[in-house]
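*Asks:* only the shape, not the letters, is given here:
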């Protein structure tokens, strides 16, 4: 194991192991999470979507990312991300349902030849945050080729320089393995810092996917138990770009470098989200005005 933090940052997966004992892929089922993770008492709810109004996702809170449909999405992904379209993203029965389908929207002006549709919702331009406790209660899809994610990106728009925080990633080829990944200029893509945990019923039941982000570090967990920490080791912006706003994304990708081979028999397949909540440190109370 590298002996210094900087050496550790240069090694895939090292920092999470060096700093917090995050689970290696082959050992993820052998070690149970041990540390409780909850909303700190001094935090308050600053943004949420409880999905309590049926219809298309609230346009005041969510945008649809369609920007790369014509040229193709990153990571060799196979989906077309639709704009506002109930077949791919709709609120019903108190839940947001993001659905991936086997279909080709050949009539769409930005169609790039994709054989699958899905949705990528994001709060960019509507809400972003610097630090906070994030909790998303969700039930994940199951099916070979699915790649759902709950994550954040730097609002300044530079990647990897502005950072990426993957609260939850899962792939249909290994559906009980829940990963959290940190991407920075010092380590991104296959060199990102990763931690993982086993959640045996992630596709059958709702679980709370959590992130606690402060100036000192970022902690990720499921149902109140942490499985990874990424500390701020004061190594500069290449390793810690997380003192600036990030916005939230929810999506199901299909195939690609991580999603892998796709089984067309699985479709349609959906991720259901019960709520999204963001908490931040409550500002100190103003001192009482002196009596007149």
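*Replies:* Happy to help now that I have it. Being a predicted model, the structure only gives us computed values, none of them experimental.

*Asks:* show me where the stretch 151-292 of the chain has strands.
*Replies:* Here the stretch 151-292 of the chain has its strands, by DSSP state E, counting those that start in this stretch, at 164-169, 177-183, 193-198, 207-214, 217-222, 225-231, 246-254, 269-281.

*Asks:* can you list the ones you listed in TSV and add distance to residue 104 and mean pLDDT?
*Replies:* C-beta: built from backbone N, CA, C; applies to glycine. Output for the strands of the stretch 151-292 of the chain, formatted as TSV (distance: least, Cβ to Cβ, whole Å; pLDDT from 0 to 100):
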stretch	distance to residue 104	mean pLDDT
strand 164-169	26	98
strand 177-183	30	98
strand 193-198	34	96
strand 207-214	32	98
strand 217-222	36	98
strand 225-231	38	96
strand 246-254	13	98
strand 269-281	17	98
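
*Asks:* how about those in a markdown table, adding mean neighbour count?
*Replies:* Written out in a markdown table, the entries for the strands of the stretch 151-292 of the chain read as follows (neighbours: other Cβ atoms under 10 Å):
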| stretch | mean neighbour count |
| --- | --- |
| strand 164-169 | 22 |
| strand 177-183 | 25 |
| strand 193-198 | 25 |
| strand 207-214 | 21 |
| strand 217-222 | 23 |
| strand 225-231 | 22 |
| strand 246-254 | 25 |
| strand 269-281 | 21 |
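
*Asks:* could I get the ones you listed as CSV with distance to residue 149?
*Replies:* Putting the strands of the stretch 151-292 of the chain into CSV (distance: least, Cβ to Cβ, whole Å) gives the following:
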stretch, distance to residue 149
strand 164-169, 5
strand 177-183, 9
strand 193-198, 13
strand 207-214, 10
strand 217-222, 13
strand 225-231, 15
strand 246-254, 6
strand 269-281, 9
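
*Asks:* so which of the ones you listed is nearest residue 95?
*Replies:* Set against residue 95 and scored by Cβ to Cβ, the strands of the stretch 151-292 of the chain come closest in strand 269-281, at 4.9 Å.

*Asks:* of all the strands of the stretch 151-292 of the chain, which one is nearest residue 66?
*Replies:* Using Cβ to Cβ as the measure, strand 246-254 is the one of these that comes nearest residue 66, at 11.6 Å.

*Asks:* what segments of the chain are helices?
*Replies:* Under the criterion DSSP state H, helices of the chain are mapped to 5-9, 14-20, 256-259.

*Asks:* quick one: closest of the strands of the stretch 151-292 of the chain to residue 64.
*Replies:* Among these, if distance is taken as Cβ to Cβ, the winner is strand 246-254, at 10.1 Å.

*Asks:* okay, the angle between that closest one and strand 269-281?
*Replies:* The directions of strand 246-254 and strand 269-281 differ by 170 degrees, with axes from the mean of the first three to the mean of the last three Cα atoms, to 10 degrees as the criterion.

*Asks:* quick one: low-confidence parts of the stretch 1-150 of the chain?
*Replies:* 1-35 (pLDDT under 70).

*Asks:* what ranges do the strands span in it?
*Replies:* 35-36, 43-49, 63-64, 79-81, 89-92, 95-102, 116-118, 120-122, 132-139, 146-154.

*Asks:* so which of those strands is the most surrounded?
*Replies:* Here the criterion is mean neighbour count by mean count of other Cβ atoms under 10 Å, and of those the winner is strand 79-81, at a mean of 27.

*Asks:* which neighbouring elements make contact with that strand?
*Replies:* Secondary-structure packing of strand 79-81 (3 or more Cβ pairs under 8 Å, 6 or more residues apart in numbering; DSSP states H and E): strand 116-118, strand 246-254.
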